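K.L.:
Below are the sequence and a predicted model; questions follow.
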Amino acid sequence: LCHAARCSAHGHCSALYLGGSTVNNSSPLPVTSNACICDDGWSGPLCDYNACDNGETIRTCGGNGRCVALGDRDTQCVCDEGYSGSDCEIDCASHCSGNYPFGCATYIEGVLAYGCNSGGGCAYQTDPNQSMPGFCVYQSDPNVSNPVCECQSANDCQIVGPCGENTGTCPNPEPIADNTPCNSIPWGVCRNGSCVPDDGSTSAPTVSKSPVAATTASPSKTPTSVSASPTKAPS
């Protein structure tokens, strides 16, 4: 039942998208460790962590895009049309002729990203192992234009921090606070970094002081660069 998932107000029971009922947020399908589907910007097994506004920093993507959660604790910007860069700080209107899409295409099958330049030229990226010098990316998949590794724990009682900025690797996982609900077993709670049956002694979540054995963070690498098949726009 979806009641067992205990998703936060920013999460939705995944079983509902697999044939469950929307009546009373119930579902005949079993709840698993991937029980909650999070709103944009939220992450964690219960969708209770706002990665884009964590109380210390707010990622606004320069006002030219939207922030989405990536993995357990990282974020990524999805830029508006005509903008690119890790924080959507590049305005292609300052680099290309005319207005978006700057005389270039907006959809070509197999193209990963789209570029323009001041001379009216267009470049269509198809190979993630090549670069596109001299062109401004005005439209792309963020995983192509701003590649990062995604760090997410397979254990719903552990959390993995952001991908290392210089190393491109995931840090060791850390335990979620004891007594936090978990879904890898029915009606479970976290204890010392593991999901265990609730023995009835559950109280407010507390951070476990016991060391947690590291588990694989299951990083998934996205392409590290973009490619270009430059073509000149007709004069």
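P.N.:
Yep, that arrived.

K.L.:
partner residues bridging Gly65?
P.N.:
Beta-bridge partners recorded for Gly65 (DSSP bridges): Cys79.

K.L.:
correct me, but it touches Gly82?
P.N.:
No: using CB atoms under 8 Å, Gly65 is not in contact with Gly82; the gap is 10.5 Å. Every C-beta, even on glycine, is put in place using the N, C-alpha and C of the backbone.

K.L.:
Quick check, central residue of this protein?
P.N.:
For the chain, Leu70 is the residue whose C-alpha lies nearest the centre (CA atoms, centre = their mean; 2.3 Å).

K.L.:
Need the pLDDT of that residue.
P.N.:
Note for Leu70: predicted pLDDT of 87.

K.L.:
give the contact list for it.
P.N.:
43, 51, 76, 148, 150 (CB atoms under 8 Å, 6 or more residues apart in numbering).

K.L.:
buried subset of the residues you listed?
P.N.:
Among the contacts of Leu70, the ones that count as buried by 16 or more other CB atoms under 10 Å are 43, 51, 76, 148, 150.

K.L.:
Looking at these, which are in strands?
P.N.:
Using DSSP state E, the subset of these located in strands is 43, 76, 150.

K.L.:
which among the residues you listed gets closest to Thr180?
P.N.:
For those, the residue nearest Thr180 by CB to CB is Ser43; the value is 14.2 Å.

K.L.:
Who does the closest one form a beta bridge with?
P.N.:
Tyr49.

K.L.:
if I read this right, it contacts Tyr49, doesn't it?
P.N.:
Yes: using CB under 8 Å, Ser43 makes contact with Tyr49 at a distance of 5.2 Å.

K.L.:
Name the residues contacting each of the two.
P.N.:
Common neighbours of Ser43 and Tyr49 (CB under 8 Å, 6+ apart) are 69, 72-73.

K.L.:
Now do the helices in this protein.
P.N.:
Listed from the start of the chain, the chain has helices (DSSP state H) covering 142-145.

K.L.:
Can you pull out the low-pLDDT segments for it?
P.N.:
The chain contains residues with pLDDT under 70 at 1, 17-33, 142-148, 201-235.

K.L.:
returning to what we had before: next, format the ones in strands among the buried ones among the contacts of Leu70 as a markdown table and append distance to Cys13.
P.N.:
Supplementary listing: those in a markdown table, determined by distance: CB to CB, whole Å:
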| residue | distance to Cys13 |
| --- | --- |
| Ser43 | 16 |
| Gln76 | 25 |
| Glu150 | 23 |
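
K.L.:
which among these gets closest to Cys116?
P.N.:
Taking CB to CB as the measure, Cys116 lies nearest Gln76 of those, at 22.9 Å.

K.L.:
Give me the spatial nearest neighbour of the closest one, chain neighbours excluded.
P.N.:
Nearest non-adjacent residue to Gln76, counting by CB to CB, 6 or more residues apart in numbering: Leu70, 4.5 Å away.

K.L.:
and the gap between the one you found and Gly134?
P.N.:
From Leu70 over to Gly134 the distance is 29 Å, taken as CB to CB, to the nearest Å.
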